[in-house]
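Chemist: Got a predicted model here, sequence first, then my questions.
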Amino acid sequence: MNMRIALAQVLPVWANPAENLVRVDRYAADAADAGAALVIFPEQVLFGWDPSSTAGAEDLAGNLVRALARCARDHRIGLVGSIRERVEGGTRNTVVAFDAMGRTVAVYAKRHLFSSALEDRVYLPGDTPAVFDCEGFLFGLAICYDLRFPADFAGYRAMGADGVLVTAAWPEERLHHWSLFLRARALDNRLYVAGVSYARGRTPIGAYAGASGVADPDGEFCALAGTEESLLLADLDRQRIESARQGPDPARWTPEG
């Protein structure tokens with residue numbers, strides 16, 4: 001069993017959710033036309049990642065969530081988008097997954113806030129993993145800095161996930177870490193790890209340089225974007241997962257002899 005996913009590598013228009021929604025809609029349409037069952041957008045795609053701002057925060061019944069759901073429904077495609085979620089006591093950096101009917105199927109709040117940029121002083125951390133099914137594949141969700149925490153990915157493997165989708169705003173200066181972590185998390189857990197980040201450009205927060213990619217269960221990239229805005233397509237193969245899991249498991253390796 002195979003399925004096609006799409007990663008929309010874009011640079012958000014800063015603090016302009018209306019314009020960014022137009023672009024989300026266009027990329028979702030392109031992904032559907034390309035035969036993808038699911039399209040994933042970068043972290044805070046509607047605003048641009050800003051660890052000091054909670055402008056536009058809303059609850060899960062808000063206008064932006066409804067607009068993302070409508071986009072998924074209009075184009076008959078699963079969609080993973082990102083909002084600033086208003087919750088009791090503050091705001092969370094949250095991704096929401098919708099099915100092709102526009103129904104919410106998973107909500108995940110970033111568990112590991114980027115303290116170096118003081119994100120933890122403005123946002124509340126999430127505390128639970130989230131998984132959802134799309135065409136028979138079970139996906140976990142993670143956000144940017146979460147990629148540095150291998151236990152989270154091992155937890156998704158234990159939950160039976162076939163892949164983990166990572167939405168990010170990964171800085172250009174640490175791009176080599178990004179590629180390394182995507183491959184390592186995939187290899188360690190014998191699953192697909194798809195990471196989508198910002199295309200080349202600058203925001204008031206920093207510089208970005210693309211490199212969105214999908215690492216397969218053997219820790220190799222089966223799809224890799226360049227630096228510019230693009231729609232990256234990847235075909236996931238369940239047999240690749242099963243085959244990789246029949247071999248040595250790096251997560252359970254012990255010395256011999």
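Modeler: Nice, thanks for sending it over. This is a predicted model, so every value here is computed, not measured. Residues are numbered from 1 along each chain as shown.

Chemist: which stretches of the chain form helices?
Modeler: Under the criterion DSSP state H, helices of the chain are mapped to 17-33, 63-75, 119-122, 150-158, 175-189, 238-246.

Chemist: Report the mean per-residue pLDDT for the fifth one.
Modeler: Going back to what we said before, that points to helix 175-189. The average pLDDT within helix 175-189 is 98.

Chemist: How far off centre is it?
Modeler: The chain centre lies 14 Å from the centre of helix 175-189; the measure is Cα atoms, centre = their mean, to the nearest Å.

Chemist: which of the residues in stretch 34-44 are buried?
Modeler: Ala36, Ala37, Leu38, Val39, Ile40, Phe41, Pro42, Glu43, Gln44 (16 or more other Cβ atoms under 10 Å). C-beta here means a position set from N, CA and C on the backbone, and glycine is covered the same way.

Chemist: So which of those residues are in strands?
Modeler: Leu38, Val39, Ile40 (DSSP state E).

Chemist: how near is the first one to Gln246?
Modeler: In this view, Leu38 and Gln246 are 26 Å apart by Cβ to Cβ, to the nearest Å.

Chemist: ok, now Arg103?
Modeler: 35 Å.

Chemist: and what of Ser197?
Modeler: Remark: distance between Ser197 and Gln246 (Cβ to Cβ) = 32 Å.

Chemist: Sort out which residues of stretch 4-20 are buried, please.
Modeler: For stretch 4-20, a neighbour-count test (16+ other Cβ under 10 Å) marks Ile5, Ala6, Leu7, Ala8, Gln9, Val10, Leu11, Pro12, Val13, Ala15, Pro17, Asn20 as buried.

Chemist: so for that stretch, what's the average pLDDT?
Modeler: 98.

Chemist: Next up, the contacts around the nearest residue to Glu19 once chain neighbours are set aside.
Modeler: Take Glu19 and drop its neighbours on the chain: the residue closest to it by Cβ to Cβ, 6 or more residues apart in numbering is Val13, 4.5 Å away. With contacts taken as Cβ atoms under 8 Å, 6 or more residues apart in numbering, Val13 has the following neighbours: Glu19, Asn20, Arg23, Gly48.

Chemist: mind checking how far Val13 is from Pro217?
Modeler: Taking Cβ to Cβ as the measure, Val13 falls 36 Å from Pro217.

Chemist: Then Ser82?
Modeler: In this view, Ser82 and Pro217 are 26 Å apart by Cβ to Cβ.

Chemist: same question, Thr128
Modeler: Using Cβ to Cβ, Thr128 is found at 25 Å from Pro217.

Chemist: same deal with Gly89?
Modeler: Gly89 is 39 Å from Pro217, by Cβ to Cβ.

Chemist: Ok, Ala31 next?
Modeler: 23 Å.

Chemist: Excluding chain neighbours, give the residue nearest to Cys8 in space.
Modeler: Residue 8: Ala, not Cys. Spatial nearest neighbour of Ala8, chain neighbours left out: Tyr27 (4.0 Å); criterion: Cβ to Cβ, 6+ apart.

Chemist: For stretch 80-96, buried residues please.
Modeler: By neighbour count on 16+ other Cβ under 10 Å, the buried set for stretch 80-96 is 80-86, 91-96.
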